[in-house]
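> Mind folding the following:
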Amino acid sequence: MKTNKLCLTAVAMMLTATLAGCNNNPAPAATTESKAETTSQATTSVAPVEPKTTGEKVAAASKMKLAELEAASKKEFTDNPNGTFKVVGLTSVLRSVATTVASKYDWLNYAYVDGKDTGNISVNNSYKDYALLQALETAENNYFADYALVQDARSFSSLIKDGILHNYVPSDAAALGIKEEDTLPLKGVHFNKLFYTNTNFEKVTGKRLYNIWQLAGSKDDPDHLSKVSFQNPATEQINMSFLVSALAPENEKRIADAYKKYYNKEYAGDDKYTSIGWKWVTEFVKNISYYHPSDGTAMKETQLKEGWQDGYVYYGAFAKMKDAVGKKYDVDLDGNGTVEAKEYKVTCGGVEYTYPSELEVNAMGTVKWDWEIEGFNGFMYCMDSEVINNAQFPYTACLFARTMLLEDTYTKAIYNAKNPDAEGNPANQYGYYYPGTASKDFRYAKGDWTKEVHIAKEINENYEYLKNASFRTVNAILALIAA
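Residues are numbered from 1 along each chain as shown. Got it, this is the predicted structure:
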């Protein structure tokens, strides 16, 4: 029976986001003997109990060496030769991982041809985050799928608590370069959302983006920025988790430090707010002037085609830079009312950007994301690997999760020639980051920060904090949005 479900109130738009959760993996049931048996057979060994439930099998898999886990996976397909291993998630990266896993093990077969899965692996990556969380609830009592790559730890922590998701930890996680804090939940891919502008921002506003309090406070504050575009956290749950995370003690300190640098004084408290975190969240939400419906559209189109002369600060998924790579538009860059085939130069954040023509301007080249912002630049979060309750192939799900942690698996899925490194080699896409400790051969796209730099500059998803976030906190933020 579910123990922790949240129904988000309707705000400004239709909304109901159900959050549910599950148990940590229980250990296999202990074998018991009667006193008589113990006395008469004191030297007789007792055969271990075979794991039966998904939780027990995941707990057993977490103790296995790789060869043992491989054997357990192979046996699942020997026992069920006509079965299909089902993967669900939110990103097409899963198809590449499935291809890699199948290439390593002869009992697995997968290819994606003409928009269809072939072989004995099925990948459904068409879900939105809240829709996947709701769909997973059916796994409490029925088979739904075997493996899930899910995001927003705040939302799915209750699925772990309630035994709907089971967390596998490879026995050799440390050797794979996975830190202990990245094992519950088990990281699959790091993602982030950032505050960014277009490169015309400074020309339009006459201001730089340098402190989070520019996005809160009041219009009378120095360099206040009143145009903020954000995706509605009533339906974009990872945005709600960002706002909730701002209230964590370690992040309130960052907010307080930024306040001191912005206002040149210590925060002395305010009768309106219980903490400086609440002050910033409240004033930030009140300062949002537009709720964009899509992070991808905001980055690949709005910031250039529609908002070039508007001076907006956007908050959105950095991974959407991949969508902006090939998007080109005819844009009146100089604002003279005519789109012309002539050079346009503009300086933003101390960097001069040159566009040889107002024709076919590449949207990727007009995103200014690397501002040095006091407080934080955004939010680093993860898509995490979980085994689904009532899985038909739980050991294979664990093997899939472990294979996803390998650097070569990751680079095959993520490296892209459209955003090369400084030497022109295919490199890591913006906004996707390897969850392990990368080797010296790992390549970042030209100009990007390393994962470690992003982590240092951004608020970080904290499972232990977010799983205890109260309904009152979430509903208070929803009330701010509704107002």
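
> Now Val123: phi and psi?
phi -120, psi 120 (degrees, to the nearest 10).

> Please spell out which residues along the biggest strand by length in the chain are buried.
When the chain is parsed with DSSP state E, its longest strand is strand 186-198. Neighbour-count burial for strand 186-198, with 16 or more other C-beta atoms under 10 Å as criterion, is recorded at 186-198. (Each C-beta comes from the backbone N, C-alpha and C, glycine too.)

> just checking, next helix/strand downstream of that strand?
helix 201-205 (DSSP states H and E).

> tell me which residues in that next one are buried?
Quick answer for helix 201-205 (16+ other C-beta under 10 Å): 201-205.

> Out of the residues you listed, flag the one nearest to Gly378.
Phe201 (16.3 Å; C-beta to C-beta).

> okay but the closest one is in contact with Leu225, surely?
No - with contact defined as C-beta atoms under 8 Å, Phe201 does not reach Leu225; the gap is 9.3 Å.

> Could you please give me the overlap between the contact lists of those two?
209, 311, 313 (C-beta atoms under 8 Å, 6 or more residues apart in numbering).

> I figured the last one hits Thr197, correct?
What it means is Val313. Yes - look at Val313 against Thr197 with C-beta under 8 Å: they come within range, at 5.6 Å.

> Overlap of the contact sets of those two?
With C-beta under 8 Å, 6+ apart as the test, Val313 and Thr197 both reach Leu209.

> could you redo the buried residues of strand 186-198 as CSV and give each row distance to Gln237?
Formatted as CSV, the buried residues of strand 186-198 follow (distance: C-beta to C-beta, whole Å):
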residue, distance to Gln237
Leu186, 20
Lys187, 18
Gly188, 17
Val189, 17
His190, 18
Phe191, 14
Asn192, 16
Lys193, 12
Leu194, 18
Phe195, 19
Tyr196, 21
Thr197, 25
Asn198, 27
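
> would you list the residues you listed in a markdown table and tack on distance to Asp295 and pLDDT?
Shown next, in a markdown table, are these (distance: C-beta to C-beta, whole Å; pLDDT from 0 to 100):
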| residue | distance to Asp295 | pLDDT |
| --- | --- | --- |
| Leu186 | 25 | 98 |
| Lys187 | 21 | 97 |
| Gly188 | 19 | 97 |
| Val189 | 16 | 97 |
| His190 | 16 | 97 |
| Phe191 | 11 | 97 |
| Asn192 | 11 | 98 |
| Lys193 | 7 | 98 |
| Leu194 | 10 | 98 |
| Phe195 | 12 | 98 |
| Tyr196 | 11 | 98 |
| Thr197 | 15 | 98 |
| Asn198 | 15 | 98 |
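
> which phi and psi does the most centrally placed residue in the chain have?
With distances taken as C-alpha atoms, centre = their mean, the chain has Cys382 as the residue nearest its mean C-alpha position (3.5 Å). Backbone geometry at Cys382, expressed as degrees, to the nearest 10, gives phi -140, psi 160.

> In space, what's closest to it - neighbours in sequence excluded?
Spatial nearest neighbour of Cys382, chain neighbours left out: Lys187 (4.9 Å); criterion: C-beta to C-beta, 6 or more residues apart in numbering.

> tell me which residues in stretch 463-481 are buried?
Buried residues in stretch 463-481 (16+ other C-beta under 10 Å): 463, 465-467, 469, 473-474, 477-478, 480-481.

> Looking at the residues you listed, which are in helices?
463, 465-466, 473-474, 477-478, 480-481 (DSSP state H).

> will you turn those residues into a markdown table that also has distance to Leu136?
Shown next, in a markdown table, are these (distance: C-beta to C-beta, whole Å):
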| residue | distance to Leu136 |
| --- | --- |
| Tyr463 | 17 |
| Tyr465 | 22 |
| Leu466 | 18 |
| Thr473 | 23 |
| Val474 | 20 |
| Ile477 | 24 |
| Leu478 | 23 |
| Leu480 | 29 |
| Ile481 | 26 |
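
> and of these, the nearest to Val361?
For those, the nearest to Val361 is Ile481 (33.7 Å; C-beta to C-beta).

> so the closest one touches Val285, yeah?
Yes - using C-beta under 8 Å, Ile481 makes contact with Val285 at a distance of 6.1 Å.

> Tell me the backbone dihedrals of Tyr130, please.
Main-chain torsions, Tyr130, degrees, to the nearest 10: phi -70, psi -30.

> To what extent is it buried, counted in neighbours?
For Tyr130, the count of nearby residues is 20 (other C-beta atoms under 10 Å).

> Now do it against Asp152, distance only.
According to C-beta to C-beta, to the nearest Å, Tyr130 stands 9 Å off from Asp152.

> shared neighbours of the two, which are they?
Common neighbours of Tyr130 and Asp152, using C-beta under 8 Å, 6+ apart, are Gln237.

> Number of residues surrounding the closest residue to Leu133 other than its chain neighbours?
Distance criterion C-beta to C-beta, 6+ apart; nearest residue to Leu133, sequence neighbours excluded, is Ser155 at 5.5 Å. Other residues lying near Ser155 total 26 when counted by other C-beta under 10 Å.

> Equivalent analysis for Glu180, please.
With other C-beta under 10 Å as criterion, Glu180 counts 9.

> Let me see the contact set for it.
Contacts of Glu180 (C-beta under 8 Å, 6+ apart): 173-174.

> now swap in the one 10 residues further on and tell me
Taking C-beta under 8 Å, 6+ apart, we find His190 in contact with 380-382, 432-435, 451, 454.

> same deal with Asp152?
Counting by C-beta under 8 Å, 6+ apart, Asp152 touches 129, 133, 237-238, 241, 381.

> can I get those in a markdown table with secondary structure, neighbour count and pLDDT?
Below are the contacts of Asp152 laid out as a markdown table (DSSP: H, G, I helix; E, B strand; the rest coil; neighbours: other C-beta atoms under 10 Å; pLDDT from 0 to 100):
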| residue | secondary structure | neighbour count | pLDDT |
| --- | --- | --- | --- |
| Asp129 | helix | 20 | 81 |
| Leu133 | helix | 26 | 93 |
| Gln237 | helix | 22 | 93 |
| Ile238 | helix | 22 | 96 |
| Ser241 | helix | 25 | 97 |
| Tyr381 | strand | 25 | 97 |
